[in-house]
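> everything below, folded, please.
(one chain, ligands or ions: 1)
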Amino acid sequence: MKKLIAALALALLSQPALAEEAPKWSLAIHGGAGTLDPDKMTPEKRAEYEAALQKALDAGAKVLSDGGDAMDAVKAAVIIMEDSPLFNAGKGAVFTWEGTNELDASIMDGRDRSAGAIAGVKTVKNPILLADKVRTDSEHVFLMGAGAEAFALEKGFAVTPPEYFATPARREALERMKAKQLSALDVDHKFGTVGAVALDQNGNLAAGTSTGGMTGKRWGRVGDAPLIGAGTYADNRACAVSATGWGEYFIRVGVAHEICAQLSMNELFRQGLAALGIFPPATNEPTITAQTIADEVMDDVARLGGDGGVILVTPDGEAIFSFNTTGMYRGRATSAGVNEVAIFGGEEKASATPDH
Ligand code: ASP
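Numbers count the residues shown, from 1 in each chain. Below is the predicted model:
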């Protein structure tokens with residue numbers, strides 16, 4: 001063991017200086033995963049979703065290509081999806097059993113792992129901004145309900161009338177659920193949560209997620225989206241992740257942190273093997289790819305009975321999707337010129353890695 005640690009330290013100290021590279025940036029977004037059937041989506045509806053995703057992607061990509069901060073890119077992208085009635089976040093959030101819209105959000109900065117989260121908020125137009133305010137202007141990470149709203153007032157957030165968040169389609173979903181005694185999944189097997197993950201040109205990672213939760217939620221139910229480690233995680237040493245799906249399973253697996261932890265361990269393992277000469281450091285290839293790790297963790301969610309998806313970016317600028325549903329509203333853009341949005345499985349055209 002001592003030998004392994006010594007060899008590892010030596011390998012780390014004797015790493016050759018990295019060649020000058022143009023700074024990379026990378027962004028991935030999602031607007032929820034679910035049972036999405038191309039035959040059931042009209043071309044008009046599809047175009048509407050694609051335009052909304054593209055607008056969010058462009059807003060975040062502009063921040064990053066201008067040299068801005070990963071946190072600002074995440075907020076810029078998420079706000080646009082919160083403001084769109086198409087997604088289950090901000091305006092267009094699903095209804096609780098009692099007929100209200102209760103919003104959850106979280107955000108994390110990978111440079112210092114500072115984080116903010118809120119749950120069960122009813123009067124804040126952009127929950128992601130309130131989550132960030134908790135991060136920057138409080139000693140806490142997670143505020144809920146009336147307390148979170150009192151904090152919002154104190155910090156100068158406008159009070160948005162609750163009717164602003166309500167849309168006819170989401171109300172109809174609740175009514176259908178009650179009339180037919182359906183479960184949240186039967187009524188609408190779609191998770192419209194929104195999220196963004198970013199790597200900026202300074203090598204900082206950030207992740208944010210915002211949601212209305214699941215249709216007909218009651219008893220103060222909170223899903224994974226506002227939970228740091230479940231729906232959102234960012235660590236400059238590993239990755240940034242935002243999740244969407246059946247929150248209870250994502251909480252049990254600790255999806256976002258699990259992916260980052262496995263990536264960190266994989267990197268340590270690779271360096272250990274290289275230090276022992278077992279694995280040639282010259283190739284500098286990861287032993288297991290970030291895509292494999294994300295897929296494995298999503299398989300674990302599926303083994304428990306859950307479904308959904310994740311987006312992640314790595315310190316190398318890979319922008320990755322992984323989902324075990326038939327589709328996920330998603331998009332990615334990188335400094336290498338990747339810029340695409342997709343809805344159904346297998347629609348990606350570009351490779352995930354920026355290639356400078
Ligand atoms: N993950 C969210 C929740 O369980 C739902 C979603 O992704 O739409 O609250």
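> so which bits of the stretch 51-200 of the chain are right by the ligand?
Where the stretch 51-200 of the chain comes near the ligand, counting by CB under 6 Å from any ligand atom, the residues are 88, 191-193. From N, CA and C alone the C-beta is placed, and that goes for glycine too.
> in CSV: the residues you listed, plus distance to Gly331.
Shown next, in CSV, are these (distance: CB to CB, whole Å):
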residue, distance to Gly331
Asn88, 17
Phe191, 16
Gly192, 15
Thr193, 15
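> model confidence at the nearest residue to Ala238 once chain neighbours are set aside, what's the number?
Residue nearest to Ala238 in three dimensions, not counting chain neighbours: Cys260, with 4.0 Å by CB to CB, 6 or more residues apart in numbering. For Cys260, the pLDDT comes out at 98.
> with the one 5 residues further on instead?
Among the per-residue scores, Met265 holds a pLDDT of 92.
> rewinding a little: among the residues of the stretch 51-200 of the chain next to the ligand, which one is most surrounded by other residues?
Within these, neighbour counts (other CB atoms under 10 Å) peak at Thr193, which reaches 36 neighbours.
> do I have it right that the residue nearest to Ala238 meets Asp235?
Yes - with contacts counted by CB atoms under 8 Å, Cys260 reaches Asp235, the gap being 5.2 Å.
> counting contacts, what elements does the strand or helix carrying Ala56 pack onto?
For Ala56, the element it lies in under DSSP states H and E is helix 43-65. When contacts are defined as 3 or more CB pairs under 8 Å, 6 or more residues apart in numbering; DSSP states H and E, helix 43-65 sits against strand 26-34, helix 70-83, strand 194-199, strand 327-334, strand 339-344.
> and among those, the most buried is which?
Mean neighbour count, computed with mean count of other CB atoms under 10 Å, is highest for strand 194-199 among those, reaching a mean of 35.
> got the angle for that strand vs helix 70-83?
160 degrees (axes from the mean of the first three to the mean of the last three CA atoms, to 10 degrees).
> so what secondary structure elements neighbour strand 194-199?
strand 26-34, helix 43-65, helix 70-83, strand 205-211, strand 239-245, strand 308-313.
> can you lay out the ones you listed as CSV showing mean pLDDT and distance to Glu163?
Output for the helices and strands packed on strand 194-199, formatted as CSV (pLDDT from 0 to 100; distance: least, CB to CB, whole Å):
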stretch, mean pLDDT, distance to Glu163
strand 26-34, 95, 23
helix 43-65, 97, 22
helix 70-83, 98, 15
strand 205-211, 98, 19
strand 239-245, 97, 26
strand 308-313, 98, 29
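> low-confidence regions, the stretch 101-250 of the chain specifically.
Within the stretch 101-250 of the chain, the stretches with pLDDT under 70 are 182-189.
> all strands of it, in order?
Here the stretch 101-250 of the chain has its strands, by DSSP state E, counting those that start in this stretch, at 103-109, 114-121, 142-144, 194-199, 205-211, 232-235, 239-245.
> centre-most residue in the chain?
For the chain, the residue nearest the mean C-alpha position is Ser242 (1.7 Å; CA atoms, centre = their mean).
> which non-adjacent residue is nearest it?
Spatial nearest neighbour of Ser242, excluding adjacent residues (CB to CB, 6+ apart): Gly195 at 2.9 Å.
> assess the claim that the one you found and Ala206 are in contact.
No - in this structure, Gly195 is not within contact of Ala206 by CB under 8 Å, at 11.1 Å.
> give me the common contacts of these two.
Common neighbours of Gly195 and Ala206 (criterion: CB atoms under 8 Å, 6 or more residues apart in numbering): none identified.
> the residue nearest to Ala238 falls within a helix, correct?
Yes - checked against DSSP: H, G, I helix; E, B strand; the rest coil, Cys260 lies within a helix.
> great, nothing more from me.
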